[in-house]
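A.B. asks: Sequence first, predicted coordinates after that:
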Amino acid sequence: MRFKAPRGTRDLLPEDIWKWQHVERVFRETADRFGYREIRVPIFEETDLFARGIGDSTDIVRKEMYTFEDRKGRSLTLRPEGTAGVVRSYIEHNMGRNARVTKLHYYGPMFRYERPQAGRYRQFWQWGLEAIGSASPAIDAEIIHFSVSLHERLGIAGTEARINSAGCAACTPAYNELLRSELQPRLDEFCDDCHVRFEKNPRRMFDCKRKSCLAILKEAPSIHASLCDECRGHFERAKEHLTKMSVNFVVDETQARGLDYYTKTIFEIHHTGLGAQSALCGGGRYDDLVRELGGDPTPACGVSGGVGRLIMALESDGAFPEGAPGPDVYMVCLGEAAQLAKAAMIAVLRGSHTVETDYQDRSLKAQMREAGKLGARFAVIVGEDELARGVAIVRDMAAGEQQEMSLDGVVAYLEDRLGATKEEQR
Ligand code: AMP
């Protein structure tokens, strides 16, 4: 019997993890610069939170949630997205009490029962931001600017910000009616799922992945003609802010987001090299969600992005800065007696440097090959002969130069050389 990772999940292996760490680090630095503080919320929540928050006509709630009962019969769900949990926490901890804008960032795994394919998993990682407490279009623009900046800072070229308005509670009922009346004559041509969407929330039909449904929807009216003055003005101001911030964007009137909570500005950042799953991140305003989840009416705006997609984009652009950094020192030791000298030296060096070594009594050649493969900066070689003479050979791996020195002087020499390199890198 052999176990495999469950379908749609994957192991992030040590040889690739530096890429994930790199993205996470740049995300956290960028979030700091923009003033978004980290929040960590549970990975599972009460099922109703997602049903209410995301909307029960969405694909996520209807088909994609990992829902289970705990031992007391409570219905819990692995979080399919981050916003509902963050908003729940915002309300629970009364974060709005000082009437300031609460700016939060999060990072972690999400779970959706989707059909796995390139760039689509059942457990995937998302980064996200939420700004709760401001109705200003400046916040919409800030969050879009953040999203564009993050990708730029990571070195991803070829991204496009596509923005649209989702309308608000005042103007969407009229749009829904317009959509229904326009689509009714061709309803027979839609799939079963779209029939359900038509009844519950016709705008969700834009989430359908079937080409035949999408072809008919291409001719459907866009929301723009139905937008109320407030939504129209808000959209114009958000665009002005983006222009002033030199953020390039295109207006995509057909864009819809797969979650019900969006109002007013919505957006996605796409990467031209990623094929079908080209959305790197998406978000927008959700002015009614805090109230719907039991809080005081509070406007808000957010974004979330797939870390796996980002890594795919970085790979396709060849934009990763360099491989995982190798150890500072690889200790090569030969013979029983040298092992103790090595143990002492490693113990000291690990106080400030990364040190690797051999644990299998391999030959000098094998150990040197490993030092090279790992990308070590220095190899320190101590054999029986060196030990007897109280010396070690220190090899600068990149320069290919080596020198013999007294065993007592090795630690100070390495501290000096490695310290100097670290200064240069700063
Ligand atoms: P959403 O929460 O659906 O708005 O998705 C936001 C972003 O998360 C998308 O733009 C993708 O980058 C990423 N994403 C969503 N679903 C998946 C998935 N099943 N696998 C990998 N990434 C995903």
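C.D. replies: Ah, there it is. In this text, all values refer to a predicted model and were calculated from it rather than measured experimentally.

A.B. asks: how far away is residue 393 from the ligand?
C.D. replies: Per Cβ to the nearest ligand atom, to the nearest Å, residue 393 is found 49 Å from the ligand. The C-beta positions use only the backbone N, C-alpha and C, and glycine is treated the same way.

A.B. asks: Next: residue 13.
C.D. replies: Counting by Cβ to the nearest ligand atom - residue 13 and the ligand are separated by 18 Å.

A.B. asks: next one: residue 2
C.D. replies: Distance check for residue 2 against the ligand: by Cβ to the nearest ligand atom, it reads 25 Å.

A.B. asks: tell me the SS of that residue?
C.D. replies: When classified by DSSP: H, G, I helix; E, B strand; the rest coil, residue 2 comes out as coil.

A.B. asks: Looking at residue 422 now. What's its pLDDT?
C.D. replies: If you check residue 422, the pLDDT there is 56.

A.B. asks: Residue 175 too?
C.D. replies: Per-residue pLDDT puts residue 175 at 91.

A.B. asks: Tell me which residue in this protein sits closest to the ligand.
C.D. replies: Of all residues in the chain, residue 306 sits closest to the ligand, at 2.6 Å by Cβ to the nearest ligand atom.

A.B. asks: okay but that residue is in contact with residue 114, surely?
C.D. replies: No - taking contacts as Cβ atoms under 8 Å, residue 306 lies outside contact range of residue 114: 11.9 Å.

A.B. asks: And the two? Which one has more around it.
C.D. replies: residue 306 (22 against 16; other Cβ atoms under 10 Å).

A.B. asks: Which strand residues bridge that one?
C.D. replies: Beta-bridge pairing of residue 306 under DSSP bridges involves residue 126.

A.B. asks: Report the contact partners of it.
C.D. replies: Counting by Cβ atoms under 8 Å, 6 or more residues apart in numbering, residue 306 touches 119, 124-126, 279-281.

A.B. asks: Run a quick neighbour tally on residue 280.
C.D. replies: Applying other Cβ under 10 Å, we find 24 residues neighbouring residue 280.

A.B. asks: just residue 408 next, same as before
C.D. replies: Each residue near residue 408 was counted by other Cβ under 10 Å, and the total is 10.

A.B. asks: where's the residue lying closest to it once chain neighbours are set aside relative to residue 415, distance?
C.D. replies: Using Cβ to Cβ, 6 or more residues apart in numbering and skipping residues adjacent in sequence, the residue nearest residue 408 is residue 390, 7.7 Å away. Noted for residue 390: a distance of 19 Å to residue 415, by Cβ to Cβ, to the nearest Å.
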